[in-house]
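Undergrad: Provided below for reference: sequence and predicted model.
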Number of protein chains: 2
Amino acid sequence: MSWAPCAAQTPNAYVADCPTRVVLDRISDKWAVLILGLLAESPMRFNQLLRTIQGISQKMLSKTLKNLERDGFVTRTVAPTVPVTVEYAITDLGRTLAATVDPLRLWAQTHFDAVLDAQRRYDASAAGTA
Amino acid sequence: MSWAPCAAQTPNAYVADCPTRVVLDRISDKWAVLILGLLAESPMRFNQLLRTIQGISQKMLSKTLKNLERDGFVTRTVAPTVPVTVEYAITDLGRTLAATVDPLRLWAQTHFDAVLDAQRRYDASAAGTA
């Protein structure tokens, strides 16, 4: 890990104003992770995404997709059907990101039992010393 | 990617109540990513972390460390010095997670220029069509 200050040659996510921090903000977004995971498989329409990602609101999906599009991870294509169809697809840049965040989702699926165990132990000991 | 419902044998982060979603919530936390990245190198005291991670507040650092401890990623050791010294160290479980999230930080450092370019293009075209 670099302890250097943030500069073009030495980006450093530990410096508040470093652009890498901005990128980290975005990609450490749970909804963005889930959306990219789906779009890495195939393009999807808004309503498909809404149905597949349980618990996301229409407003949050719309906002997250807009951010992903602005960051260059996702393209938005409007087909002149009736009614209009809006399809989202992953870009090449988004694909490199999806490949990087995918192990995170897999880690969560593999280790969640260890985490839940740890939480139970912590809560039990906290209750004991309270 | 599994489209199966969430169950012990088929965890699925796309299901709202699945424990994997809970784990994903935690690990897709920017501050947690930055803290784990530091502790993976060596144990650190609270004030060292506070100084190194620019922009984090004392309250947010305290809260994030508590969550990380509860999840079993970090241990907290109080040394009976005067004044008391509190040191945080990464656990084996935390180390597997840090190894998984580290590529995310590296991705951000490598690709932030592409993201900033995309944002400029998006903003320019949005301004043009407004």
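TA: It's in.

Undergrad: quick one: contacts of stretch A:66-80?
TA: A:23, A:26, A:29, A:32, A:35-36, A:39, A:65, A:84-91, A:93-94, A:97, B:114-115, B:117-119, B:121-123 (Cβ atoms under 8 Å, 6 or more residues apart in numbering or on different chains). For the C-beta atoms, the positions are set from N, CA and C on the backbone; glycine is no exception.

Undergrad: try it again with 6 Å
TA: With contacts defined as Cβ atoms under 6 Å, 6 or more residues apart in numbering or on different chains, stretch A:66-80 is touched by A:26, A:84-89, A:91, A:93-94, A:97, B:115, B:118-119, B:122.

Undergrad: Close to chain B: what parts of chain A are there?
TA: Residues of chain A lying close to chain B by Cβ under 6 Å from any Cβ of the partner chain are A:11, A:13-16, A:19-20, A:23-25, A:28, A:30, A:33, A:52-55, A:70-72, A:93, A:100, A:103-105, A:107-109, A:112, A:114-116, A:118-119, A:122.

Undergrad: Just the buried residues from those residues, in ChimeraX please.
TA: Of these, the buried ones go into a single ChimeraX selection, burial set by 16 or more other Cβ atoms under 10 Å in any protein chain shown:
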select /A:11,13,14,15,19,20,23,24,28,30,33,53,54,70,71,72,93,100,104,105,107,108,109,112,114,115,118,119,122
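
Undergrad: Okay, and which of the residues of chain A next to chain B map to helices?
TA: A:19-20, A:23-25, A:30, A:33, A:52, A:70, A:93, A:100, A:103-105, A:107-109, A:112, A:114-116, A:118-119, A:122 (DSSP state H).

Undergrad: So, low pLDDT: which residues of chain A?
TA: A:1-11, A:26-28, A:127-130 (pLDDT under 70).

Undergrad: Please repeat the previous calculation with a cut-off of 50.
TA: Low-confidence segments of chain A, defined by pLDDT under 50: A:1-4, A:130.

Undergrad: give the contact list for A:Ala108.
TA: Neighbour list for A:Ala108: B:Thr20, B:Val23, B:Leu24 [criterion: Cβ under 6 Å, 6+ apart].

Undergrad: Spatially nearest residue to it (excluding sequence neighbours)?
TA: Of all residues not flanking A:Ala108 in the chain, B:Val23 sits nearest, at 4.0 Å (Cβ to Cβ, 6 or more residues apart in numbering or on different chains).

Undergrad: what does A:Ile56 give?
TA: In space, A:Ile56 is closest to A:Trp31, 5.8 Å off (Cβ to Cβ, 6+ apart).

Undergrad: surely the one you found meets A:Lys63?
TA: No: between A:Trp31 and A:Lys63 there is no contact under Cβ atoms under 6 Å: 8.7 Å.

Undergrad: Fine, thanks again, bye for now.
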